[in-house]
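Engineer: coords please:
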Amino acid sequence: QVQLVESGGGLVQAGGSLRLSCAASGSRWRMAWFRQAPGKEREFVASISRSGLFSDYADSVKGRFTISRDNAKNTMSLEMNSLKAGDTGVYYCVASLGDSTSRDVANYNFWGQGTQVTVSS
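Structural biologist: Coordinates of the predicted model:
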């Protein structure tokens, strides 16, 4: 079992930046961010391997978002730059046992409560 607590969401203008953080109880998890916009299905944003050496991004955020983790502090972050209105949604920190990155929501069995990101155009 792992507890995940997100922070850092908020309201920002298009073109701006936000940094999301996720505090986890332990570091033996692969982790990722998913998001869900109103009326849409939950979608993959970015994932990072347990070691932190490997990462993967959705095409829609590649080059704008950076995922990272600090296993000494049991935290994961998502640096979001050049934000667009289409990035609006609830962002979820997720985790599961495993080493490698994954885009498949079914591979993650632990979820945080979510943090709202709103980008105004």
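Engineer: skipping adjacent residues, who's closest to Val90 in space?
Structural biologist: Counting by C-beta to C-beta, 6 or more residues apart in numbering, Val90 lies nearest to Gly114, which is 4.3 Å off, once chain neighbours are set aside. C-betas here are computed from N, CA, C, even on glycine.
Engineer: right, and the one you found touches Tyr91 too?
Structural biologist: Yes: with contacts counted by C-beta atoms under 8 Å, Gly114 reaches Tyr91, the gap being 6.5 Å.
Engineer: okay, and the common contacts of these two?
Structural biologist: Taking C-beta atoms under 8 Å, 6 or more residues apart in numbering as the contact rule, the neighbours common to Gly114 and Tyr91 are Glu6.
Engineer: which of those two has more neighbours?
Structural biologist: Taking neighbours as other C-beta atoms under 10 Å, Gly114 and Tyr91 compare with Tyr91 leading, 24 against 17.
Engineer: next, the more buried one: secondary structure please.
Structural biologist: Three-state assignment for Tyr91 (DSSP: H, G, I helix; E, B strand; the rest coil): strand.
Engineer: surely it touches Leu4?
Structural biologist: No: assessed by C-beta under 8 Å, Tyr91 is found out of contact with Leu4, at 11.7 Å.
Engineer: at which residues are the strands of the chain located?
Structural biologist: 4-7, 10-13, 18-24, 29-36, 43-48, 55-57, 65-70, 75-80, 89-97, 110-111, 115-120 (DSSP state E).
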